[in-house]
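>>> Provided below are the primary sequence and the corresponding predicted coordinates.
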Amino acid sequence: MPLSIVILAAGQGKRMQSSLPKVLQPLAGEPLLQHVINTARKLNPDAMYVVYGHGGDQVKAVFTNESIQWALQTEQLGTGHALAQAIPAIPDDHDVLVLFGDVPLIHAPTLQALLAAANNSLALLSVKLKDPTGYGRVIRNNAGQVVRIVEHKDANTKERLVDEANTGVLVANAKQLKQWLSQLKNSNSQGEYYLTDVISMAVRDSLKVNAVLAPTEAEVLGVNDKVQLAEVEAHLRRQRATEMMLKGATLVDPTRVDIRGQVTIGKDVFIDVNVIFVGNVYLEDNVRIGPNCYIKDTRIGANTELHPNCVTDNAVIGPQCVIGPYARLRPEAQLADHVHIGNFVEVKKSNIGSHSKANHLTYIGDADVGKQCNIGAGTVTVNYDGANKWRTTIEDNAFVGSGSMLIAPVKIGTGANTGAGSTITRDAPAGKLTLARARQVTLEGWQRPKK
Ligand code: UD1
Ligand code: CA
């Protein structure tokens, strides 16, 4: 059966108390809606629709790379009305799977089970909840068959005792949905066109409604306020940390590692507490990450160790390196093997050769540093003249004295030394000591000023 997926995402999410539309609220660094789209893609649908409304163009602009058909719901008149905005475009013979933009943790296998249960009829995903307050309840007859869904606000005391809740996820045939949606009324406590009313219509039309129970509560949690957003974030954090541990990583505390993207790991990776991974990160065998590191789009070679409080972004770190504490590797920092980058050292758009060291208080920007170099404490590659950026070259075996200002463009030759405190404006020749600083004088007879 051909499949169309419709994601309802037009609601404002008043309870978020935010100027950002609800479906754009970040979960593990990505918009809520992105999570739903990613899962929907796994089902290989023939078409995917997103019903949008509140935040209109702002929402659309975030997903320009996705092949999505957008259906505008100008007024948010309810979930049934929302689906009605997309349904005319869907061919009659399609199965329609409805997902909610604010139910982000749903898993593809659960949806596959639901599709299998639809079987030319209607299937809905329900869940047993300890506290179903706020959710629609699944009402069954004495024979245990689903007969309708009643929204919490419309439910009587007895119905509110039902612990089987509607998740909002359902599958039905497009042609039938078109008929049912055209018959929806808004005579309920919220004055909305409820999608959930199609259940009783299906029963009226003698169709069997299958309710499939979601395997876990977490998967179907809806996000309506910031408290629920944090709960969902915690579930996702735990889930991703678990995947990482099952692949062999040691996490000192899985509740204190955030994976906001994809982390690919080798064997025996060790991750201490409060580490945040963003984007695409690769950690090769035996990498050790100390506490409080923020690691974004970075590749870290085998046996490299990051000491506490390092920040990396778009960097490539070779094997056997020692980084930090308090090091910052900015975009296009490329470190070969056995490189040491110590505390308060910043590296940007620079290549650093094998066995080279910059251990303290240094800025290396727009530089090419060779092998076995030693960059003394407080060295700055002065790369910016206020208008243009210039490169510094430091050749193999160079020894840059502490407090050197290297005014780019400039070259420090192979095996050259620069004296501590030098401001180097011209190339320093290979194998020689170059000094560029005022000569020290001591004034005889000088006295401290007195008050
Ligand atoms: C809905 C269900 C409820 C279920 C709960 C599960 C209905 C009537 N109720 O209630 O049975 O237990 O989800 O989380 O379906 N939306 C639109 N346009 C609208 C209204 C809503 O696109 O006019 C979208 C929202 O952006 C959201 C989703 O539909 O993504 C659900 O809307 P929401 O108002 O949160 O429904 P609930 O009250 O949570
Ligand atoms: Ca909701």
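Great, that's in hand. Numbers count the residues shown, from 1 in each chain. Ligands and ions are numbered 1, 2, ... in the order given.

>>> pull the number of nearby residues for residue 204.
12 (other Cβ atoms under 10 Å). Where C-beta positions appear, they are placed from N, C-alpha and C, glycine not excepted.

>>> quick one: contacts for it?
Shown in contact with residue 204 (Cβ atoms under 8 Å, 6 or more residues apart in numbering): no residues.

>>> how close does it sit to residue 312?
60 Å (Cβ to Cβ, to the nearest Å).

>>> how about residue 7?
The value you get for residue 7 to residue 312, if Cβ to Cβ is used, is 35 Å.

>>> likewise residue 251?
Counting by Cβ to Cβ, the gap from residue 251 to residue 312 is 19 Å.

>>> compare these two and say which one has the larger neighbour count.
Neighbour totals were compared for residue 251 and residue 312, and residue 312 leads with 27 against 19 (other Cβ under 10 Å).

>>> contacts only, for that one.
293-296, 298, 306, 323, 328-329, 333 are the contacts of residue 312 under Cβ under 8 Å, 6+ apart.

>>> and for residue 365?
346-350, 381, 383-384, 389.

>>> buried ones among these?
346-350, 381, 383 (16 or more other Cβ atoms under 10 Å).

>>> what's the burial count for residue 372?
15.

>>> which SS state does it fall under?
coil (DSSP: H, G, I helix; E, B strand; the rest coil).

>>> alongside ligand 1, which residues does the protein contribute?
Within the chain, the positions near ligand 1 by Cβ under 6 Å from any ligand atom are 8-11, 51, 73, 76-79, 81-82, 100-103, 135-136, 149, 151, 165-168, 194-196, 222, 224.

>>> which of the residues you listed fall in strands?
8, 51, 100, 149, 165-168 (DSSP state E).

>>> any chance of these in CSV with neighbour count as columns?
Formatted as CSV, those follow (neighbours: other Cβ atoms under 10 Å):
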residue, neighbour count
8, 31
51, 26
100, 24
149, 28
165, 24
166, 26
167, 28
168, 23
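
>>> now for those: which two are most distant?
51 and 165 (22.2 Å; Cβ to Cβ).

>>> quick check, nearest of the contacts of residue 312 to residue 185?
residue 296 (50.9 Å).

>>> next, give phi and psi for the closest one.
phi -120, psi 130 (degrees, to the nearest 10).

>>> which residue packs closest to it, ignoring adjacent ones?
Nearest residue to residue 296, sequence neighbours excluded (Cβ to Cβ, 6 or more residues apart in numbering): residue 278, at 4.0 Å.

>>> show me what the helix or strand encompassing that neighbour is packed up against.
Assessed by DSSP states H and E, residue 278 sits inside strand 275-283. Counting contacts by 3 or more Cβ pairs under 8 Å, 6 or more residues apart in numbering; DSSP states H and E, strand 275-283 is packed against strand 257-265, strand 294-296, strand 299-300.

>>> could you give the number of residues near the residue of the stretch 101-250 of the chain found nearest ligand 2?
Proximity of the stretch 101-250 of the chain to ligand 2 (Cβ to the ion) peaks at residue 222, 3.9 Å away. Counted by other Cβ under 10 Å, the residues lying close to residue 222 total 16.

>>> likewise residue 57?
8.

>>> quick one: it is in a helix?
Yes. Assignment of residue 57 by three-state DSSP places it within a helix.

>>> contacting residues for it?
Per Cβ under 8 Å, 6+ apart, neighbours of residue 57: none.

>>> quick one: the lowest-mean-pLDDT helix or strand in the chain to chain centroid distance?
Here the helix or strand of the chain ranked lowest by mean pLDDT, DSSP states H and E is helix 56-62, holding a mean of 91. Distance, stretch centre to chain centre, for helix 56-62: 18 Å (Cα atoms, centre = their mean, to the nearest Å).

>>> and for stretch 376-384?
With Cα atoms, centre = their mean, you get 34 Å for stretch 376-384.

>>> ends of it, what's the gap?
Across stretch 376-384, the terminal residues are separated by 21 Å (Cα to Cα, to the nearest Å).

>>> who's in contact with it?
350, 358-367, 389-392, 399-408, 420.

>>> swap in 7 Å and give it another go.
With Cβ atoms under 7 Å, 6 or more residues apart in numbering as the test, stretch 376-384 has contacts from 360-367, 389-390, 392, 400-408, 420.

>>> got it, and stretch 428-448?
Stretch 428-448 is contacted from outside by 412-419, 421-424, using Cβ under 7 Å, 6+ apart.

>>> give me the buried positions along that stretch.
Quick answer for stretch 428-448 (16+ other Cβ under 10 Å): 428, 434, 436.

>>> and the pLDDT at the first one?
This points to residue 428. In this model, residue 428 is scored at 98, pLDDT.

>>> leaving out chain neighbours, which residue sits closest to it?
residue 434 (3.9 Å).
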